[in-house]
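>>> After the sequence you'll find the predicted model.
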Amino acid sequence: RWGDFFSVGASWVISDEIFLQDNEYLTYLKLKGSYGELGNNRGIGYFPYVQAFNTGWNQGTNTGVLLGGVTDPNLTWETSQITNIGLDFAFLNNRIEGSVEWFDKESVDLLYDQPLPMSTGNDAITTNVGSIANQGWEFMIRTRNIVSRDFTWTTMFNFDMVDNEIT
């Protein structure tokens, strides 16, 4: 019903250090990293852990009660853990800018409506099933090819490599 999810991030602008201040080619250099957790409980209603019953199902003159839905007493939040490490850079008075980043994201305890046999009187149970891992690299480079008072030409290129795996 409750969840605690934390994150932390840090960066270091290396180009502000004394040993790089007089560099005429390197305009900007930053190392960055972060780790965070994200919780998800969307799409499962307000009280997915409460066992409910339905009344009014009669057989002849006898009033009946039916199971309103099957609940998982061990249902937990779907959680994603995300790690990101990157480097931002700029050269030649910001004429060439870019970034390189590596990321690793793992989502565990995925929320899923697991099918049940209709003979149970319910067609599914919301439960935690499986996990997914995403890992990869992101690259971006931007160049300012022509910069004048009347005309600016900028080119940008993005490239990603991602490996997705159902674990």
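Here it is on my side, so go on.
>>> Walk me through which strands the longest strand anywhere in the chain pairs with, and which way each runs.
If you go by DSSP state E, the chain has its longest strand at strand 131-147. Next to strand 131-147 in the sheet, as set by DSSP bridges, lie strand 96-108 (antiparallel), strand 152-166 (antiparallel).
>>> which secondary element of this protein has the worst mean pLDDT?
Here the helix or strand of the chain ranked lowest by mean pLDDT, DSSP states H and E is strand 53-59, holding a mean of 71.
>>> ok, back up a step: mind putting the strands paired with strand 131-147 into JSON lines with distance to Ile146?
Every C-beta, even on glycine, is put in place using the N, C-alpha and C of the backbone. JSON lines is the format used below for the strands paired with strand 131-147 (distance: least, Cβ to Cβ, whole Å):
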{"stretch": "strand 96-108", "distance to Ile146": "14"}
{"stretch": "strand 152-166", "distance to Ile146": "4"}
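>>> Out of these, flag the one nearest Glu24.
Judged by Cβ to Cβ, the one of those that comes nearest to Glu24 is strand 96-108, at 13.9 Å.
>>> Could the C-alpha coordinates of the next helix or strand after that closest one be exported in CSV?
Proceeding N to C from strand 96-108, the next assigned helix or strand is strand 111-115, under DSSP states H and E. The C-alpha coordinates for strand 111-115 follow below in CSV (Å, rounded to 0.1, in the frame of the first residue of the first chain):
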residue,chain,number,x,y,z
LEU,A,111,2.0,-5.8,-12.4
TYR,A,112,0.1,-8.2,-14.6
ASP,A,113,-3.4,-9.6,-14.8
GLN,A,114,-2.5,-13.3,-14.8
PRO,A,115,-5.2,-15.4,-16.5
